[in-house]
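1. heads up, no residue letters with this:
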């Protein structure tokens, strides 16, 4: 491959492309790395439907670019609206963000009471019930309003 034959780039469709039920993505790597990856990876075969959906999404560059820019814009709005110590930075192009607060024993439970669908982060290494992941959706202004109130 060249100078950097030890680099592998993986991109899952579930986050940025908004295809969480389709186990598809792509990888760029040296042939030897691909061979090693194929030997140790847990196989998650995808269907023809998932492959065709992913290809269609990849071909719509204008929509991808719009989605990327909108996600960046909304992430910045959320970040600016809540206390900085409560927001854990992830990739600004990813429509998911993580928050933390010690105000509640179970932040996810509190968010659900307020009408925000969230994922508990206690199964992540070094995180606990005071962390929650939230997916950005079209009601992001409501998310900002609720987060500003409870954090």
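-> That came through, no problem. In this text the structure is predicted, and so the values were computed from the model without any measurement.

2. how far off centre is the longest helix along the chain?
-> Longest among the helix segments of the chain by residue count, using DSSP state H, is helix 61-81. Using CA atoms, centre = their mean, to the nearest Å, we find the averaged C-alpha position of helix 61-81 to lie 13 Å away from the chain's own average C-alpha position.

3. so how far is the first residue of stretch 34-52 from its last?
-> Taking CA to CA, to the nearest Å as the measure, stretch 34-52 stretches 23 Å from start to finish.

4. and for stretch 38-50?
-> Looking at stretch 38-50, the gap from its leading to its trailing residue is 20 Å under the measure CA to CA.

5. tell me the buried residues in that stretch?
-> If you call a residue buried by 16 or more other CB atoms under 10 Å, then stretch 38-50 has these buried ones: residue 50. All C-beta atoms are positioned from the backbone trio N, CA, C, and that covers glycine.

6. now stretch 64-75
-> Neighbour counts over stretch 64-75 (16+ other CB under 10 Å) mark 67, 71, 74, 75 as buried.

7. can you tell me the closest non-neighbouring residue to the second one?
-> This points to residue 71. residue 95 (4.9 Å; CB to CB, 6 or more residues apart in numbering).

8. residue ranges with poor pLDDT in this structure?
-> Low-confidence regions of the chain, defined by pLDDT under 70, span residues 1-2.
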